[in-house]
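J.: need a 3D model of the sequence below.
(one chain, ligands or ions: 1)
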Amino acid sequence: MIKLLGRADSLNVRKVLWAMEELGLTCEREDYGGPFGRVDTPEYLRLNPNGLVPTLIDDGTAIWESNTIIRYLADRQSAPAFGGGTAIERAHIGQWMDWQLSAFNAPIQSLFVQLVRLGEDKRDQRVVDANLKTLHNLLGILRRALSDKGYLAGPTVTAADVAVGVMLHRFFALVREPAVDPRIVQYHGELAARPGFKAHVAIGKP
Ligand SMILES: N[C@@H](CCC(=O)N[C@@H](CS)C(=O)NCC(=O)O)C(=O)O
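T.: Next up, the predicted model:
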């Protein structure tokens, strides 16, 4: 049985749980991180030296970084439709997963800190506005990458959509009625209709 260490409300844990559902996999999950702590113990740091969640344990081996975990699971299941069948397909999926981590993540997480973690008195509206401007540009890139039908790397949902989709969930939960292209709203709606998204991502928290 695959073990996943990480609290269910962590966005990166939600991402892995959604990917598992897409791959028809189940796991035994244990609460680590946030209010549960347990990530700064020598035992946990031996599994994941970053002291962050998630960590996946399969066959006695630990793997960390949510996108790497997802790529591993797609390989493990030999799931070309989800993880890419050819080197080119894997690169097209991987580039969006890297884009999520290197470009899309930071402004959304900063917005989350400003709008959810900090009280209204501590909020810096200039930071909020700067993040919204950056996100407007990034969502323009996403819009241009999506054709009129289908998903980021083709006609079916892949690991690219899972990585980007969890961040879109947070964006739409934070910014009510954002001025975004209707195709982005439609894309998000299609991802949000998937059982794995409903079960693990849309859990009532941004
Ligand atoms: N790039 C890492 C980021 C991991 C990360 O930042 N995890 C957060 C939760 S989403 C965390 O562990 N925070 C501390 C905690 O929950 O105790 C990944 O994708 O796995």
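J.: any residues touching the helix or strand encompassing Leu135, and which ones?
T.: Secondary structure assignment for Leu135, by DSSP states H and E: helix 125-145. Outside helix 125-145, the residues that touch it by C-beta atoms under 8 Å, 6 or more residues apart in numbering are 96, 103-104, 107-108, 110-111, 114-115, 152, 164, 171, 175, 179-181, 183-184, 187. The way it works is simple: take the backbone N, C-alpha and C, and place the C-beta from them, glycine included.
J.: any of those residues buried? List them.
T.: For the contacts of helix 125-145, a burial check counting by 16 or more other C-beta atoms under 10 Å picks out 96, 104, 107-108, 110-111, 114-115, 152, 164, 171, 175, 180, 184, 187.
J.: which of the residues you listed fall within helices?
T.: Trp96, Pro107, Ile108, Ser110, Leu111, Val164, Phe171, Ile184, Tyr187 (DSSP state H).
J.: Serialize the residues you listed to JSON lines and add fields for distance to the ligand.
T.: Output for those, formatted as JSON lines (distance: C-beta to the nearest ligand atom, whole Å):
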{"residue": "Trp96", "distance to the ligand": "14"}
{"residue": "Pro107", "distance to the ligand": "15"}
{"residue": "Ile108", "distance to the ligand": "12"}
{"residue": "Ser110", "distance to the ligand": "13"}
{"residue": "Leu111", "distance to the ligand": "15"}
{"residue": "Val164", "distance to the ligand": "13"}
{"residue": "Phe171", "distance to the ligand": "15"}
{"residue": "Ile184", "distance to the ligand": "22"}
{"residue": "Tyr187", "distance to the ligand": "22"}
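J.: what ranges do the helices span in the protein?
T.: 11-22, 42-47, 66-76, 80-83, 87-99, 105-112, 125-145, 159-174, 182-192, 195-200.
J.: looking at these, which is nearest to Gly33?
T.: helix 11-22 (8.1 Å; C-beta to C-beta).
J.: chain center to that closest one, what's the gap?
T.: 7 Å (C-alpha atoms, centre = their mean, to the nearest Å).
J.: show me what that helix is packed against.
T.: Judged by 3 or more C-beta pairs under 8 Å, 6 or more residues apart in numbering; DSSP states H and E, the packing partners of helix 11-22 are strand 3-5, helix 66-76, helix 159-174, helix 195-200.
J.: could the ones you listed go into CSV alongside distance to Met20?
T.: Conversion of these to CSV gives the following (distance: least, C-beta to C-beta, whole Å):
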stretch, distance to Met20
strand 3-5, 8
helix 66-76, 7
helix 159-174, 10
helix 195-200, 8
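J.: just name the most buried of those.
T.: Of all the helices and strands packed on helix 11-22, helix 159-174 carries the top mean neighbour count, a mean of 24, counting by mean count of other C-beta atoms under 10 Å.
J.: just checking, what packs against that one?
T.: helix 11-22, helix 66-76, helix 87-99, helix 105-112, helix 182-192.
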